[in-house]
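Participant: With the input below, show me the fold.
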Amino acid sequence: MSRLLVLYGTTDGQTAKIARAVAATWRGRGAEVEVVQAGTEGKDPRPEEYDGIVVAASIHVGGYQRAVRSWVRRHAAALTEKPAAFLSVCLGVLQQDAKVRADLDRIMTRFFTETGWTPTMSKMVAGALLYSRYGWLRRWVMRRIARKAGMETDPRQDYEFTNWAELEVFAKGFLWTAKLCAPPRPARPPQVAEAII
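Facilitator: Numbers count the residues shown, from 1 in each chain. Just a heads-up that it's a prediction; the model follows:
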């Protein structure tokens, strides 16, 4: 059985939901999974204890959550030694604009450079517009971003853009990679029944 970790950072909760969805896909295929929010007091999972790791973080104001950056920086060498993927959660991925895509790629590349981590794979995932959780200024900014992506949204309701089917395909593919790369587990010695004399 594979032992896997999903470590995530979230601002409004959508990345936490994405992390739980990845974990549910793995558990449904028999994996042992731990889901940890970066920066949780008393929780500093060690990559060496897992067969594979997915790190998920969302982009806000041009970068990812500080707790995620710190954890990845501390464990970069160990993360590079095994299957490890990065999920970048953002709304910008919805925009069909080469400049926006280049900006998102630059943010992700800067994260890898600053932390010293080269993941096995990375993927951009659309997040959500959770207007009900925003103050007036952020609601205005997020609505403007949505308009640039060609979406007219009503700030009185929330919108979810995560493609769950695509995320499940990613999770299954990563699980297969982790199983393929996992070191063989030592065989348990056969149990010998004691003879009754």
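
Participant: Which elements pack onto the lowest-mean-pLDDT helix or strand in the chain?
Facilitator: Least confident helix or strand of the chain, by mean pLDDT, DSSP states H and E, is helix 136-148 with a mean of 85. Contacts defined by 3 or more CB pairs under 8 Å, 6 or more residues apart in numbering; DSSP states H and E place helix 136-148 against strand 128-129. Quick note: C-beta positions are derived from backbone N, CA and C, even for glycine.

Participant: contacts for the strand it packs on?
Facilitator: D12, Q14, L91, M142, R143, A146, T153, D158, Y159, E160, F161, T162 (CB atoms under 8 Å, 6 or more residues apart in numbering).

Participant: swap the cut-off to 7 Å and go again
Facilitator: Contact with strand 128-129 is made by Q14, L91, M142, A146, T153, D158, Y159, E160, F161, T162, as judged by CB atoms under 7 Å, 6 or more residues apart in numbering.

Participant: Are any of the residues you listed buried, and if so which?
Facilitator: Q14, L91, M142, A146, T153, D158, F161, T162 (16 or more other CB atoms under 10 Å).

Participant: With distance to T40 and secondary structure as extra columns, can I get the residues you listed in JSON lines?
Facilitator: As requested, the buried ones among the contacts of strand 128-129 are exported to JSON lines (distance: CB to CB, whole Å; DSSP: H, G, I helix; E, B strand; the rest coil):
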{"residue": "Q14", "distance to T40": "18", "secondary structure": "helix"}
{"residue": "L91", "distance to T40": "25", "secondary structure": "coil"}
{"residue": "M142", "distance to T40": "26", "secondary structure": "helix"}
{"residue": "A146", "distance to T40": "31", "secondary structure": "helix"}
{"residue": "T153", "distance to T40": "32", "secondary structure": "coil"}
{"residue": "D158", "distance to T40": "25", "secondary structure": "coil"}
{"residue": "F161", "distance to T40": "27", "secondary structure": "coil"}
{"residue": "T162", "distance to T40": "23", "secondary structure": "coil"}
